[in-house]
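# 3D model of this:
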Amino acid sequence: MNDELLPTSGAFGADRIHRLPVRVYYEDTDFSGVVYHARYLHFFERGRTDSLRCLGISHTELATQADPIALAVRRMNVEFVRAAKVDDALVVETIYRPQQGARLMLDQILRRDGEIIATAAVQAVCMDPSGRAKRPPKSMAQAWLPYVMAEN
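Below is the predicted model:
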């Protein structure tokens, strides 16, 4: 069992990858102590949200600004590589890719001791209160830009 303390928020590294430590709790697992497949989506969401917070972007501020927007996942392709288990100390890596109009492209990797547990290719979209796609505000795009990495 890994008993190291985990920080409560992540940070961007010099490599422009955001890393968020997360702990697997009993509530994340099925009857066998293995992480239930849907819980990986929660870990990825935490990584995306924390990475935006590190850029000074909050969901609450986006929703309450003069021209409100929200972010929604439009598409996600998840590959489950290995099983995570109760008490595992994991790290969610979030990698920003070039923006495509209203679409925000990200890659995410969930690791345990450097080993890949799961990956996700994510397409999120900015949308207005009526649900129509909309380009992100310039301030958001400018905050995002220094961390964008080209496709491999």
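# nearest spatial neighbour of Pro68, skipping sequence neighbours?
The spatial neighbour of Pro68 that comes closest, neighbours along the chain excluded (C-beta to C-beta, 6 or more residues apart in numbering), is Pro129 at 5.8 Å. For glycine as for every other residue, the C-beta is placed from the backbone atoms N, C-alpha and C.
# how near is Asp88 to Glu115?
In this structure, Asp88 and Glu115 are 11 Å apart, going by C-beta to C-beta, to the nearest Å.
# More neighbours: the two, which one.
Asp88 (20 against 9; other C-beta atoms under 10 Å).
# ok, now which ones touch the nearest residue in space to that one that is not next to it in sequence?
With C-beta to C-beta, 6+ apart as the criterion, Asp88 has its nearest non-adjacent residue at 4.4 Å, and that residue is Val24. Contacts for Val24 (C-beta atoms under 8 Å, 6 or more residues apart in numbering) come out as Val35, Ala84, Lys85, Val86, Asp87, Asp88, Ala89, Leu90.
# Neighbours of the fourth one, how many?
Each residue near Val86 was counted by other C-beta under 10 Å, and the total is 17.
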